[in-house]
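Asker: 3D model of this:
(one chain, ligands or ions: 1)
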Amino acid sequence: MLNLLLSMLLLFTNNPITDKKENVMKFELIKLPYATNALEPVISKQTIELHHGKHLQTYVDNLNKLVPGTQFENSELVSIVKNSDGGIFNNAGQVLNHNLYFTQFSPNGGGQPTGRLAEAINSQWGSFDNFKKEFEEAGTSLFGSGWVWLAKDNNGKLSIIKEANGSNPVTKDLTPVLGFDVWEHSYYLDYQNRKADHLKELWKIIDWNVVGERY
Ligand code: MN
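Answerer: Coordinates of the predicted model:
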């Protein structure tokens, strides 16, 4: 009897109406590659839950509402960010930004970049410490909401790029390699107004394997 009930339940959950709805829901909330408390004390469980579960979810939901019926209906996320404006650009940019942001962390992170990325950082800034200092300064001096990025051009040359609000280096034909969220929602519960302290702590959880692969 229980088996029969279960199969009926499965039949209902696989009905065509649900499938159709899933086709429309194109963009999905990215899954975190760690537990919500795994990045403590650098980023608290509460901040991760709000930032990923509420803020990013809202950008995903907004994008799914805005895109159907526009020229971007069958476009990839990066292409939307490069070619849109207004609400679609803001929400697509923030989905792309946060997908890169949340996947670059690990509870076993920290240390230093290696290989080609380390060489490129050293040739551009002299040392990893010097790069970190300039990156933190770019984030601290960013006025209002935005992001600071390490980005590469087509020749592999690196630069530190500040982007306002939800923008991303792909709008400048650059590839984002590492991104720090400088919106207050990313740190305010844990660090209040101490933005510089928050940026300095983030190095402890950077997964340089992930970041190195992006380079
Ligand atoms: Mn954010």
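
Asker: Extract the C-alpha trace of whichever helix or strand Gln124 is part of and format it as CSV.
Answerer: Per DSSP states H and E: Gln124 is located in helix 115-125. The C-alpha trace of helix 115-125 is given here as CSV (Å, rounded to 0.1, in the frame of the first residue of the first chain):
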residue,chain,number,x,y,z
GLY,A,115,52.2,28.1,-11.0
ARG,A,116,51.4,30.4,-13.9
LEU,A,117,49.1,32.6,-11.8
ALA,A,118,51.8,33.2,-9.1
GLU,A,119,54.3,34.1,-11.9
ALA,A,120,51.8,36.5,-13.5
ILE,A,121,51.1,38.2,-10.1
ASN,A,122,54.8,38.5,-9.3
SER,A,123,55.6,40.0,-12.7
GLN,A,124,52.8,42.5,-12.3
TRP,A,125,53.1,43.6,-8.7
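
Asker: What is that helix packed up against?
Answerer: Secondary-structure packing of helix 115-125 (3 or more Cβ pairs under 8 Å, 6 or more residues apart in numbering; DSSP states H and E): helix 128-141, strand 158-164, helix 208-214. (Each C-beta comes from the backbone N, C-alpha and C, glycine too.)

Asker: for that helix, the distance to its chain's centre please.
Answerer: Centroid separation for helix 115-125 versus its chain: 23 Å, with Cα atoms, centre = their mean, to the nearest Å.

Asker: If you average the pLDDT over that helix, what comes out?
Answerer: On average, the pLDDT along helix 115-125 is 98.

Asker: Report the residue spans of this protein with pLDDT below the cut-off.
Answerer: The chain contains residues with pLDDT under 70 at 1-25.

Asker: make it 90
Answerer: Along the chain, segments meeting pLDDT under 90 span 1-26.

Asker: can you tell me which helix in it is longest?
Answerer: Using DSSP state H to define each element, the chain has its longest helix at helix 86-102.

Asker: circling back to that earlier point, please produce TSV containing the helices and strands packed on helix 115-125, extended by distance to the ion and mean neighbour count.
Answerer: Output for the helices and strands packed on helix 115-125, formatted as TSV (distance: least, Cβ to the ion, whole Å; neighbours: other Cβ atoms under 10 Å):
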stretch	distance to the ion	mean neighbour count
helix 128-141	13	16
strand 158-164	12	17
helix 208-214	18	16
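
Asker: right, so of the ones you listed, which gets closest to Asn108?
Answerer: For Asn108, the closest of those is helix 208-214, at 9.8 Å, according to Cβ to Cβ.

Asker: For the closest one, list the C-alpha coordinates in CSV.
Answerer: The C-alpha coordinates for helix 208-214 follow below in CSV (Å, rounded to 0.1, in the frame of the first residue of the first chain):
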residue,chain,number,x,y,z
TRP,A,208,43.9,29.1,-5.0
ASN,A,209,43.3,25.9,-6.9
VAL,A,210,39.9,27.2,-8.2
VAL,A,211,41.3,30.7,-8.8
GLY,A,212,44.4,29.3,-10.6
GLU,A,213,42.2,27.3,-12.9
ARG,A,214,40.3,30.5,-13.9
